[in-house]
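[1] All I have is the shape, not the residue letters:
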């Protein structure tokens, strides 16, 4: 079962290694890991997808908290969340079939970001399923190259984990509680 | 107003260590740490020159375990730092607070495979509680303060600080802040919810057959008195992990003894038949649980533990009280009902009776010298008051079984990592921590040879530790496994040893060689009377085994027992 962990860490050298190394040491396989800055200076946010059961995910959370640079860990899988992946797909496309490729891209609300005589690059954002779907229909044309970012994810609604992350405040929240506010997919 | 003075990074290292209360450091110099060694000449901190950096880490560890303070080891970059790895891992698995300081090549050389460069923070990432690479002198003071705080607080552990040579050499204003470091992401303190206390108390007060599992956490948190009062009030018997030995006096009527792979049969039976296990500062290591599927099947489990990551790691528990053991027990004690539990306690006493007849001490004298005799005589001669540091293997288990410890921090041993070579250097550290204690090293002939170079350190430092080698000519515990599980194929376990007594003589250490049971007491007495270090080489029965034994992964109650004496005398070869 895939679990999506959102991990806030101090933006310091070596922290990514510490986090990734913990997964390796504890024998968990990382399905995807993305890191980037947050709206707060000095705080980075990781989205880590890991294949484990509920107990495994809880143990991982506890182990992550033992790292001195980890500010907050939230397993957002049990609660409603928005998850996105971004992919760039380079597809073989000649003058003959280019319009078909562009049409498929349009159906998936993907953008064509590069056109060459023999190929196009399509940019798509969405769930892994959606990207897999586009990939499937483009495959017959010849996928020349593909890159995906891995999952980034966020809980729905106004509840913001990041609001709890600051340099000095206590930030323990119950990571298993369901958000009490409501939001809609847009 | 205090004016800030300018100091070199190297000077700042010692200034900070002094302010942390450090009086002894254990180390070995080298190029990348040389500026720090050069600055040491200006400071009143005693440096113990080891013969191998692994020894420095074990000494720091032994110092920490004997004193409860942070032990400090120091080494140069590259091979100096990598030699520390075993000692750091040992401290990590036994939650021992040590700070290791290593020199690093100049910051401009980092990444160039410079002479004696290793990425030691990378190497020690999985075996330290935290580590640092420091490249500027102005980071040193804050880093050392944080390192000591992290090493000591919460669940203790090793912290490594790698300091580049240029950071040691260059200068900055020295500013030391005595306040607790502000680490926004590090939260060592936890306290359980009131509802969890209620749940735990309901289980405790209604239990008919409870057992306390006493771990190292009791000693680390200094809660031995509280545990004893709690156990006495509720009349709950106490089983100890190897590192929990000393948590409650061996002579205490509620003390059952050691549990687990080489725990006494009655202890493991009591655990298997319990209806409630109260795990105090222990982590359900596989060496104490055996097969998890059949472990204490009818018992509810309460886990009191400072480290949240230990909860449900190995054994699923019914109630977890995550917090400081002392604070949790203060809360539980007044609300725990007095209860004599006489039926349960007398049942366990009956179990003990059955085991007594199998005790090697009660076997008829065969003329052979058994390690258990040596340990038991050592216990009697030292009146049970020695600080014993053991190595790893059969002698370690015999020590745990036959030396009856009444005080916390009186047995120092490598539990989690099982580090051979630990005892000799750890004992040196322990002696520096408690110079008035009578310190005995109990060590096998195999492990002794892994770090015997530290005999020179003992002599150079003129410290008084006594060494008892339990010499059976084998890597004894491995041989025992080969005997039990590999059809007696003794692959690579017979040892050709030097004459340890002559070796001690070469170092200028008083030595004895003992092969008969009648000479054990006199040699121990002579060693004790000798003012200075002494070594006794005990030639014991070669193919004796540690009983009982739970084979790795077997059910805890499925113990291999020592054959009964009736059977042994009836089957003369």
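    Yes, it's here. Everything numeric here is computed off the predicted structure, so don't read it as measured data.
[2] quick one, what contacts the one residue in chain B that gets nearest to chain A?
    Nearest to chain A, among the residues of chain B, is residue B:309, at 3.8 Å (CB to the nearest CB). Any C-beta I mention is one placed from the backbone N, CA and C, and that applies to glycine too. The contact partners of residue B:309, taken as CB atoms under 8 Å, 6 or more residues apart in numbering or on different chains, are A:59, A:62, A:63, A:65, A:66.
[3] again, only using 6 Å
    Residues counted as contacts of residue B:309 (CB atoms under 6 Å, 6 or more residues apart in numbering or on different chains) are A:62, A:63, A:66.
[4] what's the burial count for the first one?
    In terms of burial, residue A:62 registers 18 neighbours under the definition other CB atoms under 10 Å in any protein chain shown.
[5] List the contacts of the helix or strand harbouring it.
    Here residue A:62 sits within helix A:54-66, counting by DSSP states H and E. Where contact means CB under 6 Å, 6+ apart, the residues beyond helix A:54-66 that reach it are A:3, A:22, A:26, A:70, A:73, A:75, B:308, B:309.
[6] which of the residues you listed lies closest to residue B:175?
    Nearest to residue B:175, judged by CB to CB, of these is residue A:70 at 27.9 Å.
[7] tell me the pLDDT at residue 59?
    Looking at chain A here, since you left the chain open. Model confidence at residue A:59, expressed as pLDDT, equals 92.
[8] um, chain B though
    On pLDDT, residue B:59 comes in at 98.
[9] Check the burial of it by counting its neighbours.
    33.
[10] and the contacts of helix A:54-66, which of them are in helices?
    In helices, judged by DSSP state H, the following of those are found: residue A:22.
[11] Give me the buried subset of the contacts of helix A:54-66.
    Applying 16 or more other CB atoms under 10 Å in any protein chain shown to the contacts of helix A:54-66, the neighbour count classes A:3, A:22, A:26, A:70, A:73, A:75, B:308, B:309 as buried.
[12] State the pair within those residues that is farthest apart.
    For the buried ones among the contacts of helix A:54-66, and using CB to CB, no pair is farther apart than A:3 and B:308, which are 17.8 Å apart.
[13] can you put the buried ones among the contacts of helix A:54-66 in TSV and add pLDDT and distance to residue B:126?
    Formatted as TSV, these follow (pLDDT from 0 to 100; distance: CB to CB, whole Å):
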residue	pLDDT	distance to residue B:126
A:3	96	22
A:22	96	8
A:26	94	9
A:70	96	15
A:73	95	19
A:75	94	23
B:308	94	19
B:309	94	14
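[14] Export these to a markdown table and append columns for distance to residue B:210.
    Listed next are the buried ones among the contacts of helix A:54-66 as a markdown table, based on distance: CB to CB, whole Å:
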| residue | distance to residue B:210 |
| --- | --- |
| A:3 | 36 |
| A:22 | 35 |
| A:26 | 32 |
| A:70 | 36 |
| A:73 | 34 |
| A:75 | 34 |
| B:308 | 24 |
| B:309 | 25 |
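[15] My guess is residue B:58 contacts residue B:87. True?
    Yes: applying CB atoms under 6 Å as the test, residue B:58 and residue B:87 come out as touching, 5.0 Å apart.
[16] neighbour-wise, which of those two wins?
    Between residue B:58 and residue B:87, counted using other CB under 10 Å, residue B:58 has the larger neighbour count: 37 against 34.
[17] Which secondary structure state does the residue lying closest to that one once chain neighbours are set aside sit in?
    Distances taken as CB to CB, 6 or more residues apart in numbering or on different chains place residue B:425 nearest to residue B:58, at 3.7 Å, with adjacent residues excluded. What DSSP: H, G, I helix; E, B strand; the rest coil gives for residue B:425 is helix.
[18] how much space between residue B:425 and residue B:520?
    Note on residue B:425: its distance to residue B:520, by CB to CB, to the nearest Å, is 26 Å.
[19] okay, those two: which has more neighbours?
    Neighbours per residue, other CB under 10 Å: of residue B:425 and residue B:520, the larger number sits with residue B:425, 32 against 25.
[20] roughly how far apart are that one and residue A:8?
    Taking CB to CB, one finds residue B:425 at 41 Å from residue A:8.
[21] go on, residue B:321?
    If you measure residue B:321 against residue A:8 using CB to CB, the figure is 27 Å.
[22] quick one, which of those two is more surrounded?
    residue B:321 (28 against 23).
[23] State the helix or strand in which the more buried one lies.
    In the assignment (DSSP H and E), residue B:321 maps to strand B:319-322.
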